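S.K.: Can you look at this prediction? I've put the sequence above it.
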Amino acid sequence: MDFEICRRKRYWSKYAAWGGWKSGAPPPTRQAYLLNKLDSRHTLMGRATENGVRWALDEQQAGRAPTAEAAYEAAARPLLNRAWQDSKSGAWQQNPKNRIGLHEHYYPQLHPNLPGDWPAKLRAYVMRCVDNFIQTVLPRLRTVTPDQEVVLAAPESFSWEGLTIYAVPDYVYQQDGIWHIHDWKAGKPSAHHLKQLAVYALWAHTKHQVSPEAIRLYVEYLHEGRVAVETGSAALLDQARSFIQASAMDMADYLKEGDPQRNQPRPREEWDMTPERTVCRRCNFYELCAPEFTDSD
């Protein structure tokens, strides 16, 4: 999450950008909102993969046998083409909520070693993820019918001790009293994914009254073609509560009077910047923090 990566990044994305979509928003707020909407080639790969996965799943449920090529052409390629056009032309800046801008186009100076064939590599990456889904995941979902799928709100959230917690798994279904919760990952494994699983279990238990033992959680690493599986338990829910509580306490230190109910941020300069400039060079808000960098940065 933003806060764990960089306190200042959380300030820009959560507070400084708020209201930036309004026509009368002041320029700093508008700029923070605009930058907050930037994607990268990595997040775009994930979005295109999700499109292909959903298309393939729908095809299977309709009684057809999907292929990675067909999924790419029908669901992933249109997104990638539109994103490239919107980003390269700068058109996304006029409608950042509904169009896609890429970090690589907005900050070309931060990507000096980006290979010239990166769009082709992006396509190959998405194709591999979708093909692995079709070969390794889809067979496990062959008995799932649309009426067993859990329709999720946009976004899903639940309340815990006065806090609103967001939990947005990619795919959820029920069979024989068991809730199966899946998250598609196009990128590399991360320890944070285990925390995500715990929060998803707490979401199912708190919002939908699912007993811990009736929860199964899956992180599908599509590029590698493997899955990490976790079974719900009381201990897992406790892990989620501890993680949320610790995060809330850390974030409260950056709020006026430490009050999450008021949720008023302390001044920008009191939100610490990460000392890792490699992280900064990947951040959407690079240009907003750059004036505070020293010559050695």
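M.R.: Thanks, I have the structure now. Predicted model, so just to flag it, every value in this text is computed and none were measured.
S.K.: Please make it C-alpha for all contacts and neighbour counts, starting now.
M.R.: Will do.
S.K.: in the lengthiest helix in the chain, what counts as buried?
M.R.: In the chain, assigned by DSSP state H, the helix with the most residues is helix 41-61. Within helix 41-61, the residues scored as buried using 16 or more other CA atoms under 10 Å are 41, 44-57, 60-61.
S.K.: likewise stretch 199-206?
M.R.: Val199, Tyr200, Ala201, Leu202, Trp203, Ala204, His205.
S.K.: now whichever helix or strand the last one is part of, how far from the centre of its chain.
M.R.: If I follow you right, that is His205. Counting by DSSP states H and E, the element that carries His205 is helix 192-208. Relative to its chain's centre, helix 192-208 lies at 15 Å (CA atoms, centre = their mean, to the nearest Å).
S.K.: Repeat that for stretch 204-212.
M.R.: Centroid separation for stretch 204-212 versus its chain: 23 Å, with CA atoms, centre = their mean.
S.K.: what does stretch 163-174 give?
M.R.: So, by CA atoms, centre = their mean, the centroid of stretch 163-174 is 12 Å from its chain's centroid.
S.K.: what does stretch 205-219 give?
M.R.: In terms of CA atoms, centre = their mean, the centre of stretch 205-219 is found 21 Å from the chain centre.
S.K.: How about residues contacting that stretch?
M.R.: Applying CA atoms under 8 Å, 6 or more residues apart in numbering, the external contacts of stretch 205-219 come out as 158, 177-185, 193, 197, 201, 204, 227-234, 237.
S.K.: Give me the buried subset of those residues.
M.R.: For the contacts of stretch 205-219, a burial check counting by 16+ other CA under 10 Å picks out 158, 179-185, 197, 201, 204, 227, 230-233, 237.
S.K.: Pull the contacting residues for Gly20.
M.R.: Gly20 neighbours (CA under 8 Å, 6+ apart): Pro26, Thr29, Arg30, Gln31, Ala32, Tyr33, Leu34.
S.K.: measure the last one to Trp18 for me?
M.R.: Counting by CA to CA, to the nearest Å, the gap from Leu34 to Trp18 is 11 Å.
S.K.: Same drill for the two, tell me which one is more crowded.
M.R.: Neighbour count, other CA atoms under 10 Å: between Leu34 and Trp18, Leu34 has more, with 23 against 15.
S.K.: The closest residue to the more buried one other than its chain neighbours: neighbouring residues, count only.
M.R.: On the basis of CA to CA, 6 or more residues apart in numbering, the spatially nearest residue to Leu34 that is not a chain neighbour turns out to be Pro96, at 6.3 Å. As a burial measure, Pro96 scores 20 neighbours (other CA under 10 Å).
S.K.: In what element of secondary structure is Pro96 found?
M.R.: Here Pro96 is assigned to no helix or strand, by DSSP H and E.
S.K.: what does whichever strand or helix holds Pro28 contact?
M.R.: Pro28 is part of helix 27-36 when elements are defined by DSSP H and E. If you take CA under 8 Å, 6+ apart as the criterion, helix 27-36 is touched by Trp12, Ser13, Ala16, Ala17, Trp18, Gly19, Gly20, Trp21, Gln93, Pro96, Asn284, Phe285.
S.K.: Helix, strand, or coil at Ala228?
M.R.: Judged by DSSP: H, G, I helix; E, B strand; the rest coil, the three-state class of Ala228 is strand.
S.K.: That one touches Leu194, doesn't it?
M.R.: No: applying CA atoms under 8 Å as the test, Ala228 and Leu194 come out as separate, 9.0 Å apart.
S.K.: Can you name the secondary structure element that comes next after the longest helix of the chain?
M.R.: Trace forward from helix 41-61 with DSSP H and E and the next one is helix 68-71.
S.K.: Could you figure out how far whichever helix or strand comes after that next one is turned away from helix 41-61?
M.R.: Proceeding C-terminally, helix 68-71 gives way to helix 77-89 as the next helix or strand, assigned by DSSP H and E. Taking axes from the mean of the first three to the mean of the last three CA atoms, to 10 degrees, one finds helix 77-89 and helix 41-61 inclined to each other by 160 degrees.
S.K.: what does helix 77-89 contact?
M.R.: Leu44, Ala48, Trp92, Arg99, Ile100, Gly101, Leu102, His105.
S.K.: Name the residues of it that come out as buried.
M.R.: Result for helix 77-89 [16+ other CA under 10 Å]: buried residues Arg77, Leu79, Leu80, Ala83, Trp84, Asp86, Ser87, Lys88.
S.K.: Nearest to Asp253, out of those: which one, please.
M.R.: Using CA to CA, Ser87 comes nearest to Asp253 of those, at 36.9 Å.
S.K.: Leaving out chain neighbours, which residue sits closest to that closest one?
M.R.: Spatially, and ignoring its direct neighbours in sequence, Ser87 is nearest to Gly101 (4.2 Å; CA to CA, 6+ apart).
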